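K.L.:
Sequence and predicted structure are below.
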Amino acid sequence: MQEIAVVGGGPAGLTAALYAARAGHSVTVFEREAAGGQILYSPLVENYPGLPKMSGVQFAEALTAQVEELGVETVSADVEKIERDQNGGWLVRTDDGSVSCRAVILAVGSRHRRLGLPGEEELTGAGISYCAVCDGPFYKGRHVIVVGGGNTALQDAVLLSGICSRVTLVHRRKQLRGEARLAEQVRSLENVELLLGYTPEALLQENGMFSGVRLKNTETGQEQTLPGDGMFIAVGQIPGTAPFAGLADFDEAGWFAVGEDCRSSLPGIFVAGDCRAKGVRQLTTAVGDGAAAGVAAVEYLEEHR
Ligand code: NAP
């Protein structure tokens with residue numbers, strides 16, 4: 001029996017494991033893909049305070065090595081269900097067996113919604129990005145396309161307008177979904193153009209790099225080609241919370257409705273990182289949550305010795 005099970009081996013989960021292991025507790029991290037989570041897809045991490053530039057893969061490898069050195073076990077398995085065991089602890093059921101533990105930290109993250117167009121996956125990192133904060137600086141002085149009409153797309157357009165020579169925001173409806181204040185800001189920017197009422201129909205590429213998008217006017221059905229150096233897709237995120245219904249409340253969008261203390265209302269269940277309802281989803285906020293959840297889980301174990 002482990003003392004703490006962490007579900008999700010991204011920066012939040014690994015940081016929670018780090019804090020709990022340093023406090024002397026046995027920890028297992030369950031991750032269905034490679035340890036590191038979404039940061040693995042970031043070509044360059046250059047906004048982590050105090051660290052030199054490195055790739056997302058380097059960051060993930062360093063953090064994984066750091067927790068493994070402390071004796072944390074990382075297990076490659078898909079957690080399917082978590083239920084109470086007979087000893088007042090929790091049973092973590094995976095596709096590869098079950099493990100009992102006294103506390104669980106859910107750090108299951110989220111994933112960016114895809115457009116679902118052919119070539120989207122292979123062009124990710126080759127002109128297509130889902131994170132303007134991470135990848136915007138690679139497009140300094142270039143023309144980029146932002147897809148989406150929510151707050152993320154609007155914020156991305158504002159951020160990119162300060163880096164890129166030209167930004168074209170493409171949204172499928174005539175009305176933007178994001179806040180009026182942000183929409184107004186976007187409209188006031190000279191190098192941002194809005195293409196409202198257009199859906200991306202096909203991705204264009206040259207020599208394996210994104211080169212533009214074919215758009216369709218939703219009213220007339222007419223198609224046009226929009227060339228671009230890069231495309232930022234901001235059409236929402238999908239929380240990874242669904243298999244864990246009942247362990248923490250959800251908000252209306254499906255995120256865990258758990259505050260900054262990372263404590264759920266159930267004893268021994270903690271929530272950390274992007275899967276939690278929050279305003280900023282960044283590497284730094286994920287590790288901040290990991291620390292809070294790790295400390296909270298350690299306190300819980302000590303209170304319930
Ligand atoms: P969102 O609000 O769900 O917006 C997603 C946008 O993508 C919508 O405009 C949607 O179009 C469009 N879309 C969805 N699927 C599409 C598809 N297949 N093709 C083309 N367009 C598609 O997502 P978000 O902008 O990531 O924001 C998520 C949440 O975080 C929201 O609650 C948002 O308010 C919040 N947030 C807040 C801030 C802030 O500063 N307050 C910043 C960022 C995010 P439709 O409009 O037609 O549905």
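P.N.:
Ah, there it is. Numbering: from 1, shown residues only.

K.L.:
got the contact list for the residue located most distally from the centre of the chain?
P.N.:
Ranked by distance from the centre of the chain (Cα atoms, centre = their mean), the top residue is T220, with 35.7 Å. Applying Cβ atoms under 8 Å, 6 or more residues apart in numbering to T220 gives no contacts. Using the backbone N, CA and C atoms, a C-beta is placed for each residue, glycine as well.

K.L.:
For my notes, confirm it occurs in a helix.
P.N.:
No - T220: not assigned to a helix; according to DSSP: H, G, I helix; E, B strand; the rest coil it is coil.

K.L.:
just the strands in the stretch 51-200 of the chain please.
P.N.:
For the stretch 51-200 of the chain, applying DSSP state E, counting those that start in this stretch gives strands covering 73-76, 79-84, 90-94, 97-106, 110-112, 128-129, 143-147, 166-171, 192-196, 198-206.

K.L.:
Okay, now the sheet partners of the first one, with direction.
P.N.:
Strands adjacent to strand 73-76 in the sheet, as given by DSSP bridges, are strand 27-31 (parallel).

K.L.:
For the strand it pairs with, list the C-alpha coordinates in PDB.
P.N.:
Backbone C-alpha positions of strand 27-31 (Å, rounded to 0.1, in the frame of the first residue of the first chain) are rendered in PDB as follows:
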ATOM      1  CA  VAL A  27       4.300   8.000  -3.600                       C
ATOM      2  CA  THR A  28       3.200   6.400  -6.900                       C
ATOM      3  CA  VAL A  29       2.500   8.500 -10.000                       C
ATOM      4  CA  PHE A  30       0.200   7.000 -12.600                       C
ATOM      5  CA  GLU A  31       0.500   8.400 -16.100                       C
END
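
K.L.:
what's next to that strand, contact-wise?
P.N.:
So strand 27-31 is contacted by 2-10, 13-14, 17, 20-21, 35, 37, 67, 71-79, 92, 94, 99, 101 (Cβ under 8 Å, 6+ apart).

K.L.:
Quick one: closest of the strands of the stretch 51-200 of the chain to A286.
P.N.:
Across these, A286 has its closest neighbour in strand 110-112 (10.6 Å, Cβ to Cβ).

K.L.:
Now do the buried residues in the closest one.
P.N.:
110, 112 (16 or more other Cβ atoms under 10 Å).

K.L.:
So which elements touch that strand?
P.N.:
strand 237-239 (3 or more Cβ pairs under 8 Å, 6 or more residues apart in numbering; DSSP states H and E).

K.L.:
Quick one: mean pLDDT for the strand it packs on?
P.N.:
Averaging pLDDT along strand 237-239 yields 90.

K.L.:
helices or strands next to it in the packing?
P.N.:
Using 3+ Cβ pairs under 8 Å, 6+ apart, the elements in contact with strand 237-239 are strand 110-112.

K.L.:
OK, now which residue of the stretch 101-250 of the chain is nearest to the ligand?
P.N.:
The ligand sits closest to G150 of the stretch 101-250 of the chain, with a gap of 2.3 Å, by Cβ to the nearest ligand atom.

K.L.:
residues contacting that residue?
P.N.:
When contacts are counted by Cβ under 8 Å, 6+ apart, G150 touches 177-178, 234-236.

K.L.:
Could you do Y198 as well?
P.N.:
Neighbouring residues of Y198 by Cβ under 8 Å, 6+ apart: 170-172, 215-218.

K.L.:
Show me which of those residues are buried.
P.N.:
170-172, 215-216.

K.L.:
Kindly state the pLDDT recorded for the spatially most central residue of the chain?
P.N.:
For the chain, the residue nearest the mean C-alpha position is S110 (4.8 Å; Cα atoms, centre = their mean). Per-residue confidence (pLDDT) for S110: 90.

K.L.:
Surely it and R281 touch.
P.N.:
Yes - between S110 and R281 there is a contact under Cβ atoms under 8 Å: 7.3 Å.

K.L.:
so what sits against both of these two?
P.N.:
237, 274.

K.L.:
ChimeraX command for the buried members of the contacts of strand 27-31?
P.N.:
Of those, the buried ones go into a single ChimeraX selection, burial set by 16+ other Cβ under 10 Å:
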select :2,3,4,5,6,7,8,9,10,13,14,17,20,21,35,37,67,72,73,74,75,77,79,92,94,99,101
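
K.L.:
Which of the contacts of strand 27-31 fall within helices?
P.N.:
Using DSSP state H, the subset of those located in helices is 13-14, 17, 20-21, 67.

K.L.:
count of neighbours near the nearest residue to V144 once chain neighbours are set aside?
P.N.:
In this structure, V144 finds its nearest non-sequential neighbour in G230, 4.4 Å apart by Cβ to Cβ, 6 or more residues apart in numbering. The local packing of G230 (other Cβ atoms under 10 Å) involves 24 other residues.

K.L.:
Can you give me the neighbour number for Q222?
P.N.:
For Q222, the count of nearby residues is 10 (other Cβ under 10 Å).
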